[in-house]
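Any chance you could fold what I've pasted below:
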Amino acid sequence: MSDPSRIALFIDGANLYATARSLGFDIDYKRLLKEFQGRGQLVRAYYYTALVEDQEYSSIRPLIDWLDYNGYAVVTKPTKEFVDSLGRRKVKGNMDIELAVTAMEMATYVDQIVLFSGDGDFRFLVEALQRKGVRVSVVSTIATQPPMVADELRRQADEFVDLAHLAAKVGRDPAERAQRYQERRMAPQTQAPAGDDSLDV
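Next comes the predicted model:
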């Protein structure tokens, strides 16, 4: 019996989030890890995202912390703010270089890389990994209008996996989300003073 395929996941956080949202579901990162652990020997799962540093509270921070403690190698960097030629304030937080360098470093330790991104800039990376003998799967979607994956990236990949087909396996159960929302809504009621039914929650 041959050894299981050694797999590494490379997740372009912002891109995967946008793709899942366009398909109308949220990623359950625990289920995602489990899904790929069942496909071979999962060597590493990288998650890349840029963070706005001066924000008092970032909605992505709890996710980053959870991923960090639950089997993901999280790679972050602060976003850069600049003003474009029309005087508009822009925020830039591109993680392509970090992802590409690490993927090339990992190429000698894995048989397959699964790239969660539809960004056409990664086509050259995929080609370089293939030259090193690594099989590359790209996860994005063509189920949206327009598709979330660049055509050149999809053509270059050894395998294209439509995220829409993975939704049942890696999506968060909407009922679970509704239940958590309900629990949060009900929480203040339990602290209401006895006999006080004027509390509107």
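
low-confidence ranges in the protein?
1-2, 54-58, 90-92, 174-201 (pLDDT under 70).

Tell me which stretches of it form helices.
For the chain, the helices defined by DSSP state H occupy 13-22, 29-37, 61-69, 96-106, 123-131, 151-156, 163-170, 174-190.

How far does the longest strand seen in the chain sit from its chain's centre?
Determined from DSSP state E, the single longest strand within the chain is strand 41-51. On the basis of CA atoms, centre = their mean, to the nearest Å, strand 41-51 is displaced by 8 Å from the centre of the chain it belongs to.

Listing partners with orientation, what would you give for it?
strand 6-12 (parallel), strand 73-78 (parallel) (DSSP bridges).

what comes up buried for it?
Neighbour counts over strand 41-51 (16 or more other CB atoms under 10 Å) mark 42, 44, 45, 46, 47, 48, 49, 50 as buried. C-beta coordinates here come from the backbone N, C-alpha and C atoms, glycine included.

And for stretch 12-21?
12, 13, 14, 15, 16, 17, 19, 20.

Please apply the same query to stretch 99-109.
99, 100, 102, 103, 106, 107.

Provide a list of residues in contact with the last one.
For residue 107, the residues meeting the contact criterion (CB atoms under 8 Å, 6 or more residues apart in numbering) are 113, 129, 132, 133, 134.

any idea how far the residue minimising distance to the centre of the chain is from residue 64?
For the chain, residue 13 is the residue whose C-alpha lies nearest the centre (CA atoms, centre = their mean; 3.7 Å). Residue 13 is 9 Å from residue 64, where distance means CB to CB, to the nearest Å.

overlap in contacts of these two?
Residues touching both residue 13 and residue 64 by CB under 8 Å, 6+ apart: 47, 49.

So residue 134 is in contact with residue 109, correct?
No. Assessed by CB atoms under 8 Å, residue 134 is found out of contact with residue 109, at 9.7 Å.

The residue lying closest to residue 52 once chain neighbours are set aside - how many residues pack around it?
Leaving out its chain neighbours, the residue that sits closest to residue 52 by CB to CB, 6 or more residues apart in numbering is residue 79, at 5.2 Å. Residue 79: 17 surrounding residues under other CB atoms under 10 Å.

quick one: contacts for residue 16?
27, 116, 117, 139, 163.

Out of those residues, the closest to residue 38 would be?
residue 139 (15.4 Å; CB to CB).

Tell me which of the strands paired with strand 41-51 sits nearest to residue 153.
Of all those, strand 6-12 sits nearest to residue 153, with 11.2 Å by CB to CB.

List the buried residues of the closest one.
Quick answer for strand 6-12 (16+ other CB under 10 Å): 6, 7, 8, 9, 10, 11, 12.

can the residues you listed go into CSV with extra columns for distance to residue 93?
Listed next are the buried residues of strand 6-12 as CSV, based on distance: CB to CB, whole Å:
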residue, distance to residue 93
6, 30
7, 27
8, 23
9, 20
10, 17
11, 15
12, 11
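
Kind regards, and thank you for your time.
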